[in-house]
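# any chance you could fold what I've pasted below:
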Amino acid sequence: MPNSTQQPHVSINKDASNNDINNVQASSHRTDMQAASTKQDSTNIALLNWLGCLFFGFIPPLIIMLVKKDDAYVQTQAKEALNWSITFVIGYIGLWIVAMILGFILAFIFAPLAMIPMLALVLFGFSHLVFCVMGAIKCSSGKDFRVPFNIRLIK
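I've put the predicted structure just below:
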């Protein structure tokens with residue numbers, strides 16, 4: 001009669017347990033690589049977003065915002081670029097109207113003074129270049145970029 005205090009004999013296959021551990025480590029490594037690849041894809045799309053905003057205005061950020069709804073980082077950068085494009089167009093049109101009126105008045109006083117409002121238009125256009133390049137640089141390293149004086153119409 002067997003003793004009730006005896007433990008049953010369990011055989012552990014060391015090769016099978018090592019394979020299981022290696023499989024878990026390999027799947028964990030694949031998940032890390034997929035996350036890094038996804039993060040790199042997000043930064044690349046955000047970079048293209050800002051470069052597209054520089055050359056084509058509001059169209060690339062709008063398309064990216066509508067297409068990439070599943071990626072939060074790309075969404076925030078597309079909204080920021082779209083808001084900047086809208087702010088820039090509103091500001092440029094308003095500044096153009098003021099520059100024309102002020103330039104016309106200054107032309108009667110002293111003709112070279114009429115160039116001052118035009119210089120303001122050029123500087124404002126240069127700010128578009130600067131902010132889009134700054135956005136592209138920040139996004140290439142995976143950081144968020146926010147334009148300092150942006151009208152945030154799209155949230």
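# from here on, just use CA atoms for contacts and neighbour counts.
OK.
# can I get stretch 130-144 in PDB, CA atoms only?
Presented in PDB, the C-alpha positions along stretch 130-144 are these (Å, rounded to 0.1, in the frame of the first residue of the first chain):
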ATOM      1  CA  VAL A 130      10.300  79.400 -39.800                       C
ATOM      2  CA  PHE A 131       7.400  77.700 -38.000                       C
ATOM      3  CA  CYS A 132       7.000  74.900 -40.600                       C
ATOM      4  CA  VAL A 133      10.700  74.100 -40.500                       C
ATOM      5  CA  MET A 134      10.700  74.200 -36.600                       C
ATOM      6  CA  GLY A 135       7.700  71.800 -36.700                       C
ATOM      7  CA  ALA A 136       9.500  69.500 -39.100                       C
ATOM      8  CA  ILE A 137      12.600  69.400 -36.900                       C
ATOM      9  CA  LYS A 138      10.700  68.800 -33.700                       C
ATOM     10  CA  CYS A 139       8.600  66.000 -35.300                       C
ATOM     11  CA  SER A 140      11.700  64.300 -36.800                       C
ATOM     12  CA  SER A 141      12.800  63.700 -33.200                       C
ATOM     13  CA  GLY A 142       9.400  62.600 -32.000                       C
ATOM     14  CA  LYS A 143       8.600  65.700 -29.900                       C
ATOM     15  CA  ASP A 144       5.400  67.700 -29.900                       C
END
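# in which helix or strand does residue 98 reside?
helix 72-109 (DSSP states H and E).
# check which residues of that helix are buried.
Judged by neighbour count (16 or more other Cα atoms under 10 Å), helix 72-109 contains these buried residues: 73-88, 92, 95-96, 99, 102-104, 106.
# quick check: buried residues in the helix or strand hosting residue 138?
Taking DSSP H and E as the criterion, the element that holds residue 138 is helix 115-140. Using 16+ other Cα under 10 Å as the test for burial, helix 115-140 gives 117-118, 121, 124, 128-129, 131-140.
# does residue 128 touch residue 53 like I think?
No: the pair residue 128 / residue 53 is not scored as a contact, 9.2 Å apart, by Cα atoms under 8 Å.
# now residue 47: closest residue in space that isn't a chain neighbour?
Closest residue to residue 47 apart from its sequence neighbours, by Cα to Cα, 6 or more residues apart in numbering: residue 136 at 4.8 Å.
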